[in-house]
Every structure is written in C-alpha cells, then in structure tokens.
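>>> Predicted model and sequence follow; I will ask about them next.
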Amino acid sequence: MLRHAAARRSAQIRRLLSTSAPSAGAGSTLRGPCIVHKRGTDILHDPWYNKDTAFPLTERDRLGLRGLLPPRVMSFEQQYERFINSYHSLEHNTKGEPESVVSLAKWRILNRLHDRNETLYYRVLIDNIKDFAPIIYTPTVGLVCENYSGLFRRPRGMYFSAKDKGEMMSMIYNWPAETVDMIVVTDGSRILGLGDLGVQGIGIPIGKLDVYVAAAGINPQKVLPIMLDVGTNNQKLLDDKLYLGLRQPRLEGEEYLAVVDEFMEAVHARWPKAIVQFEDFQMKWAFETLQRYRNRFCMFNDDVQGTAGVALAGLLGAVRAQGRPLTDFTKQKIVVVGAGRIQCWVRCA
C-alpha cells in the first residue's frame with residue numbers, strides 16, 4: 001500500500017514538473033514539448049530547466065549546450081541512483097562525527113542538488129520523504145537557520161525589509177512566476193524554540209514548502225517562501241560580520257504593522273487567490289496579524305490555527321476510539337498540561 005502511494009506521488013510530481021504546451025484535445029492527457037526561452041549556460045544555471053547530463057544530443061544541439069556538458073548522456077534514473085549513492089557514501093564517511101556536523105552535511109548535499117536540478121531534487125524527496133523530511137525541515141532546519149548566513153550560497157524566495165517600505169507593490173513583480181498558490185512568510189522573531197534569528201529564519205519557509213511539495217503534491221512552480229526583515233534584537237547576530245539581514249533593532253508597534261500591511265496588500269494585488277501562511281511569528285504578532293488580516297485576505301497562522309487544528313483532530317480521534325459519537329465531544333474533560341507556547345496556542349486558538 002505504501003509503495004502504491006509513493007508511486008502515485010511520484011506520478012503526480014512528474015506531471016507537476018512538466019511545463020507543457022496545451023494538450024492535444026479535450027480530455028487528452030498528452031502533453032506537448034516544453035518551450036524554453038533560454039539557451040546555453042542560461043539553461044544550465046537555471047535549476048528548473050537544467051537536467052545536467054540528462055540532456056540528449058538533439059536537445060544539446062537545439063539549446064546550444066553541445067560542448068558545455070560532458071559527452072556522456074545519463075538517464076534520469078541513472079542520475080537518481082548516482083545521487084542516492086553519493087548520499088549513502090556521505091553517511092558512511094561521517095560515521096562517528098557529531099550529529100550536528102552530519103546533519104548539516106546532509107542538508108548541504110540536498111541543498112546543492114536543489115540549487116542545480118529541481119526536478120531531480122523533488123523526485124528524491126518524494127521517494128524518500130521519511131528519510132529526508134528531518135533534513136529539509138525539523139529538526140535540522142533549526143540548525144540551518146542558526147548558521148544560515150554562513151551557509152548562504154544563492155538566494156531562494158523573496159526578502160522584504162523595513163528599508164523597502166513604499167516599494168513593495170513594485171517589488172512583488174520581481175518574482176518570475178505568473179501564478180503563486182502558496183506563500184509561507186516569517187519575520188524570524190520566533191524560529192522554532194530558538195527565538196529571534198532575524199533574516200536567517202528564511203530557512204523555515206523554504207523547508208516548509210519543500211515538505212508541502214513532496215508530501216502534499218503542491219506544484220513547486222507555484223510556491224514562494226518569503227522573509228519579512230524588520231530587524232533583530234539578537235545582539236549576537238548584530239555583531240556577526242556575516243549576518244545578511246538589517247543591522248537594527250526590530251520595529252515595534254505601528255511601524256511594524258505598516259510594513260506587514262504593505263506586504264499583504266502587495267501580495268493580494270498580484271496573487272489575490274494565493275494562500276499566505278504566517279509561520280514562526282512571536283506570540284503578540286501572531287495573534288495581532290491573525291485578527292488583522294483573517295477577514296481581508298486568504299491567510300492563516302500555522303502556529304495558532306495549525307497547532308490547534310492538529311490538537312482538535314487528536315481529541316476528536318480520542319472520542320471515536322472510545323466508540324462514542326462526536327456529539328459527546330463537549331462532554332469530555334480535557335486537560336492541557338504545561339504552560340509553554342504550544343499549550344497557549346491550543347488554549348487561545
């Protein structure tokens with residue numbers, strides 16, 4: 001059953017990863033060729049179109065790639081096997097190393113593939129989601145965020161900062177995709193249990209959306225991770241010469257809300273049907289922004305509503321497990337243990 005589910009996900013992602021011409025006729029599932037408006041090294045440097053050594057000779061001629069790649073043509077399956085072997089080799093060579101070193105090494109090898117060949121990257125994730133989810137998201141993503149400025153090699157997603165006030169409506173059109181269905185945004189103020197990580201919190205939206213693509217089948221061409229950089233109160237980051245964010249204390253009050261307001265208006269203007277997921281905002285802004293935008297935009301806060309939704313599903317499941325009708329739910333006694341953030345999200349949502 002699990003193999004069949006994995007096969008269905010693989011087939012689904014292969015369909016999503018095909019940028020195709022219109023189908024041949026009504027009801028037809030045949031897809032036309034991919035139209036590429038790039039040539040030569042521009043294709044090799046674009047992870048969406050790049051197939052590395054999998055370009056056949058006919059495509060190398062048409063796209064100006066002959067001589068820019070090694071002569072051997074490898075199939076997609078051979079590339080897949082080569083990457084998996086490299087990953088297993090990394091695991092073997094890092095035995096005995098500290099867990100943090102091994103985790104970052106695994107993240108790096110996956111990230112390099114993501115930077116180079118997105119089609120192969122998502123295929124690898126889909127087929128091995130159980131093994132790779134802890135690398136691209138929790139727990140490794142926390143370690144990645146703590147070290148993101150040093151790990152940074154190429155940008156992914158978009159960055160809106162307090163210095164961009166008044167420019168966001170035009171900035172949003174810098175994103176090349178015509179359609180975006182899902183946005184995950186953070187201000188970096190409460191990254192997991194690590195606190196204020198400023199601009200380095202971008203690792204959370206990136207990892208979250210990769211999980212959505214691999215596990216839920218969302219089109220990877222229609223997702224967008226976003227960082228709202230309003231400064232940081234983390235003095236360690238402000239003193240770090242490699243830190244890539246604004247070197248200023250966090251905006252507060254109306255100044256903060258003015259930045260988020262402008263961002264939300266810009267997103268809504270270009271993609272009015274896009275879902276905007278707020279992720280890892282500190283508690284005061286999580287509730288404030290949820291109440292401020294929930295009736296105006298297509299948005300939700302994952303820490304508040306997502307956490308509470310999962311908790312509610314568990315409680316409803318517990319009622320079913322007792323063989324009782326769901327109408328008995330209101331008669332149940334529910335104990336919330338502890339006073340941490342998660343318990344607060346559940347009680348207040």
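Good, I have the coordinates.
>>> Please count neighbours and contacts with C-alpha atoms only from this point.
Fine.
>>> shouldn't G157 be in contact with K222?
No: taking contacts as CA atoms under 8 Å, G157 lies outside contact range of K222: 11.5 Å.
>>> and for these two, which residues touch both?
The overlap between the contact sets of G157 and K222 (CA atoms under 8 Å, 6 or more residues apart in numbering) is empty.
>>> Who are the packing partners of the strand or helix carrying G317?
Counting by DSSP states H and E, the element that carries G317 is helix 307-321. Under the contact criterion of 3 or more CA pairs under 8 Å, 6 or more residues apart in numbering; DSSP states H and E, helix 307-321 touches helix 341-348.
>>> State the mean pLDDT of the helix it packs on.
Helix 341-348 comes out with an average pLDDT of 57.
>>> Please identify the buried residues of the helix or strand hosting A258?
Take DSSP H and E as the rule and A258 turns out to sit in helix 253-270. By neighbour count, with 16 or more other CA atoms under 10 Å as the criterion, the buried positions of helix 253-270 are 257, 259-260, 262-268, 270.
>>> Following it in sequence, what is the next regular element?
Following the chain from helix 253-270 toward its C-terminal end, the next helix or strand by DSSP H and E is strand 275-278.
>>> Show me the strands paired with that next one, marking each as parallel or antiparallel.
Looking at strand 275-278 with DSSP bridges, its paired strands and their directions are strand 182-186 (parallel), strand 299-301 (parallel).
>>> Is it possible to get a markdown table of these that adds mean neighbour count?
Shown next, in a markdown table, are the strands paired with strand 275-278 (neighbours: other CA atoms under 10 Å):
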| stretch | mean neighbour count |
| --- | --- |
| strand 182-186 | 24 |
| strand 299-301 | 21 |
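>>> Tell me which of the ones you listed lies nearest to E167.
Proximity to E167 (CA to CA) singles out strand 182-186 among the strands paired with strand 275-278, at 18.0 Å.
>>> So what's the residue count around the residue nearest to N301 when sequence neighbours are not counted?
Excluding its sequence neighbours, the residue lying closest to N301 (CA to CA, 6 or more residues apart in numbering) is F278, at 4.6 Å. F278: 22 surrounding residues under other CA atoms under 10 Å.
>>> same question, K284
Using other CA under 10 Å, K284 has 8 neighbouring residues.
>>> Next, count neighbours for K273.
The number of residues near K273, taken as other CA under 10 Å, comes to 16.
>>> Let me see the contact set for it.
Neighbouring residues of K273 by CA under 8 Å, 6+ apart: 181, 298.
>>> other SSEs contacting the helix holding A258?
With contacts defined as 3+ CA pairs under 8 Å, 6+ apart, the secondary structure elements packing on helix 253-270 are helix 168-171.
>>> avg pLDDT for the helix it packs on?
Averaging the model's pLDDT scores along helix 168-171 yields 98.
>>> now for it, which elements pack on it?
Under the contact criterion of 3+ CA pairs under 8 Å, 6+ apart, the helices and strands touching helix 168-171 comprise helix 253-270.
>>> residues in contact with stretch 223-238?
Contact with stretch 223-238 is made by 156-162, 180-189, 196-199, 201-202, 205-206, 209, 243, 245-251, 256, 259-260, as judged by CA under 8 Å, 6+ apart.
>>> again, only this time at 6 Å
157-162, 180, 182-187, 198-199, 202, 205-206, 246-251 (CA atoms under 6 Å, 6 or more residues apart in numbering).
>>> Using PDB, list the CA coordinates for it.
C-alpha atoms of stretch 223-238 as PDB (Å, rounded to 0.1, in the frame of the first residue of the first chain):
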ATOM      1  CA  VAL A 223       5.100  28.200  -4.100                       C
ATOM      2  CA  LEU A 224       7.000  31.200  -2.700                       C
ATOM      3  CA  PRO A 225       9.000  31.400   0.600                       C
ATOM      4  CA  ILE A 226       9.200  35.000   2.000                       C
ATOM      5  CA  MET A 227      11.200  36.700   4.700                       C
ATOM      6  CA  LEU A 228       9.900  39.900   6.300                       C
ATOM      7  CA  ASP A 229      13.100  41.500   7.700                       C
ATOM      8  CA  VAL A 230      12.100  44.200  10.300                       C
ATOM      9  CA  GLY A 231      15.400  44.000  12.200                       C
ATOM     10  CA  THR A 232      16.500  41.700  15.000                       C
ATOM     11  CA  ASN A 233      17.000  42.100  18.800                       C
ATOM     12  CA  ASN A 234      19.600  39.300  18.800                       C
ATOM     13  CA  GLN A 235      22.800  41.000  19.700                       C
ATOM     14  CA  LYS A 236      24.900  38.000  18.600                       C
ATOM     15  CA  LEU A 237      23.600  38.400  15.100                       C
ATOM     16  CA  LEU A 238      24.000  42.100  15.000                       C
END
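>>> Of all the residues in it, which ones are buried?
When burial is assessed from 16+ other CA under 10 Å, stretch 223-238 yields the following buried residues: 223-234, 237-238.
>>> Equivalent analysis for stretch 75-83, please.
By neighbour count, with 16+ other CA under 10 Å as the criterion, the buried positions of stretch 75-83 are 76, 79-80, 83.
>>> so where's the longest strand in the protein?
Across the chain, the strand with the greatest residue count (assigned by DSSP state E) is strand 223-229.
>>> pLDDT weak spots in the stretch 201-349 of the chain?
Counting by pLDDT under 70, the stretch 201-349 of the chain has low-confidence residues at 338-349.
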